[in-house]
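A.B. asks: missing the sequence, but the structure's below:
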DNA sequence: AGCTTGGCCGATCGAGCGTTCGACAACAAC
DNA sequence: GTTGTTGTCGAACGCTCGATCGGCCAAGCT
């Protein structure tokens, strides 16, 4: 009577562990190339035993993406509450994204690289979460522009995609521990995006 | 006697067509998920007939990546010869890359997304080409910095990866014809990278 | 003791995969 | 007219895949 759901937390813990193993395997070999048998080997569970925790390979992929995206989103929204200055908001977004990405490299790689592997309702759900995420970014950029009174140099959606491109490209080259620290990297990207590479106001020619 | 390799150009033409079809299929369904049977259907050639033009699926993937990379590299080097100003060089690089990417979206998508699917010598070859490409970019950035006398704000390799991230992210969201024209997009990205989003010199806080 | 349930497994199925092989038609060379 | 080359094909092989199913076992309840 003490705990009326005695096994549910064990179940959740083990599921979480399986998702981590799966994310690493998918990140390493790619979703389609990695077999459920690979997972069962890495997780030390039998092939059929895995199906107790999820009902299909695609649902497994969905769970990895869904949980990562919701987590990074909720951490961001939590950190943003209370911040008013648009520039500080953007810095918070970049720091949060880069740091989360470095902490959950495998899952985030699966999230960005295997989106096309989802179909139907799974895909729709993930797409809506992604849109919600990028909308937050675009809105911050809009505020920045308004508060600084700068003109419409670059379309907001192009700027948003460029920023996410800079950040998400990290998993192609960055290895935590081998390169510069994560917080310095985030600061570099934030500065590159806001101030640019040269760091001065006017760029010479016309167009 | 007039032409001692009469069929070789036909052969090359057909191979080129097959590579295009294959790139589109791989870009659409992913390398591992797309079957050779899919290709044979799309190309209107029998399954076994395909093997006259390549000896394995992996070689096919390699040829797509190798040809794209060599082509974009040679077009870049050609355009760069004669340009002295580092800023103009960088603008040329961005224009060339973005424009090529928009013209060969499928192949470039395969190039960036399916690098991990190559193994052994194939992988080594492609990696060396990629390094040669990014080295050109890093070298231009170094020249820019020297000629402008600006300090070491952001490490050159971080800046290089950020730039390629901005550019290569294009295939995630950009659809030629639906969004802004390609040359405008390239100019936006060039400006974003050099001058940044805000477009002024100093950014407030310390760190 | 008997019964239920959560967790897990070995064996197996049907489907699809990449690749190979022998054959065949067209065409040029001798 | 024979021979060799180029391009194409249908059929098949061996293998791996995702998924299923019946059953086992330990724990908790009655």
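C.D. replies: It's in. On a predicted model such as this, the values are computed, not experimentally measured, just so you know.
A.B. asks: now the longest helix anywhere in chain A: buried residues?
C.D. replies: Of all the elements of type helix in chain A, the one with the most residues (DSSP state H) is helix A:120-148. Across helix A:120-148, burial judged by 16 or more other Cβ atoms under 10 Å in any protein chain shown covers A:122-123, A:126, A:129-130, A:133-134, A:136-137, A:140-141, A:143-145. C-beta: built from backbone N, CA, C; applies to glycine.
A.B. asks: save the residues you listed as CSV, and put in pLDDT too.
C.D. replies: Rendered in CSV, the data for the buried residues of helix A:120-148 read as follows (pLDDT from 0 to 100):
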residue, pLDDT
A:122, 93
A:123, 94
A:126, 96
A:129, 97
A:130, 97
A:133, 98
A:134, 97
A:136, 97
A:137, 97
A:140, 96
A:141, 94
A:143, 92
A:144, 91
A:145, 89
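A.B. asks: closest to residue B:162 out of those?
C.D. replies: Using Cβ to Cβ, residue A:137 is the member of the buried residues of helix A:120-148 that lies nearest residue B:162, at 16.1 Å.
A.B. asks: follow-up on the earlier one: from the contact counts, what lies against the longest helix of chain A?
C.D. replies: Packed against helix A:120-148, as judged by 3 or more Cβ pairs under 8 Å, 6 or more residues apart in numbering or on different chains; DSSP states H and E, are the following elements: helix A:57-80, helix A:86-103, helix A:156-168.
A.B. asks: and the shortest one, what's buried?
C.D. replies: So the one you mean is helix A:156-168. For helix A:156-168, burial by neighbour count (16+ other Cβ under 10 Å) applies to A:156, A:158-168.
A.B. asks: quick one: mean pLDDT over it.
C.D. replies: Across helix A:156-168, the average pLDDT comes to 96.
A.B. asks: quick one: contacts of the helix or strand just after it?
C.D. replies: In the C-terminal direction, the helix or strand that comes right after helix A:156-168 (DSSP states H and E) is helix A:170-173. In this structure, residues lying in contact with helix A:170-173 by Cβ atoms under 8 Å, 6 or more residues apart in numbering or on different chains are A:98, A:101-102, A:105, A:108-109, A:112, A:185, B:161, B:165.
A.B. asks: out of the helices and strands packed on helix A:120-148, nearest to residue A:18?
C.D. replies: Of all the helices and strands packed on helix A:120-148, it is helix A:57-80 that lies closest to residue A:18, at 8.1 Å by Cβ to Cβ.
A.B. asks: quick one: is that closest one near DNA strand D?
C.D. replies: Yes. Using Cβ under 7 Å from any atom of the strand, a contact is recorded between helix A:57-80 and DNA strand D, made by A:57-58.
A.B. asks: determine which stretch of the helices and strands packed on helix A:120-148 is the most buried.
C.D. replies: Across the helices and strands packed on helix A:120-148, averaging neighbours per residue (mean count of other Cβ atoms under 10 Å in any protein chain shown) puts helix A:156-168 on top, at a mean of 22.
A.B. asks: need the buried residues of helix A:120-148 in CSV with distance to residue B:30, can you?
C.D. replies: Putting these into CSV (distance: Cβ to Cβ, whole Å) gives the following:
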residue, distance to residue B:30
A:122, 16
A:123, 14
A:126, 16
A:129, 21
A:130, 19
A:133, 23
A:134, 23
A:136, 29
A:137, 27
A:140, 33
A:141, 32
A:143, 38
A:144, 37
A:145, 38
